[in-house]
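Student: Predicted model and sequence below, questions to follow.
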Amino acid sequence: MLSHHAFEQLWPHVRHRSRAGLSRTDSWGGIKGTEQFRPGYPAAPNPDQEKFDRQVAAMNPDLTPTVPVRIVQAADDERVRADPAPLMGTDALVEELTATNSERGNIHYRRYEPGAVPADEPLGIHFATIDHDIPELTEWLAALLAAAADG
């Protein structure tokens with residue numbers, strides 16, 4: 001179940017705002033993920049939160065992709081955290097995927113250190129990371145295409 005604030009104040013935004021509008025600090029972008037649900041989550045989830053957890057677990061990315069995967073993260077992204085605080089972040093995801101795919105070597109993680117990605121208003125660092133990474137992403141793709149052409 002959503003917290004009282006999330007349900008009463010923020011849920012109505014879903015019908016009237018774009019993704020950018022929902023990301024603003026006066027909407028969903030202004031609260032932490034742990035503030036979206038009623039108290040007790042994640043330590044003592046209620047039945048609705050348990051259902052949510054089961055849905056998330058069913059999407060567990062502990063799999064073996066057959067193509068190269070590139071994951072990009074700004075360390076100071078407040079929307080999707082790199083490090084566990086309080087839930088597992090991108091670093092943990094990459095560790096899990098790397099362990100599962102270590103023989104393939106197809107998991108590529110680019111973690112930009114704090115301050116490396118300038119915030120893009122109104123969407124912040126989270127969405128600015130995509131544009132910031134374009135030069136490195138292009139180089140990465142070019143190397144993959146060149147290797148495929150040679151191979």
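Tutor: Nice, I can see it. Residues are numbered from 1 along each chain as shown.
Student: The nearest residue to residue 23 once chain neighbours are set aside: what's it in contact with?
Tutor: In space, and not counting its chain neighbours, residue 23 is closest to residue 29: 4.0 Å by Cβ to Cβ, 6 or more residues apart in numbering. (Glycine included, C-beta is placed from N, CA and C.) Under the criterion of Cβ atoms under 8 Å, 6 or more residues apart in numbering, the neighbours of residue 29 are 22, 23, 79, 123, 124.
Student: any idea how far residue 29 lies from residue 124?
Tutor: With the distance defined as Cβ to Cβ, to the nearest Å, residue 29 ends up 7 Å from residue 124.
Student: Common neighbours of the two, please.
Tutor: 23, 79.
Student: Show me where the chain dips below the pLDDT cut-off.
Tutor: Counting by pLDDT under 70, the chain has low-confidence residues at 61-62, 84-87.
Student: all strands of it, in order?
Tutor: In the chain, the strands defined using DSSP state E lie at 69-74, 107-112.
Student: so can I have a markdown table of the ones you listed showing mean neighbour count and distance to residue 134?
Tutor: A markdown table is the format used below for the strands of the chain (neighbours: other Cβ atoms under 10 Å; distance: least, Cβ to Cβ, whole Å):
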| stretch | mean neighbour count | distance to residue 134 |
| --- | --- | --- |
| strand 69-74 | 20 | 10 |
| strand 107-112 | 16 | 12 |
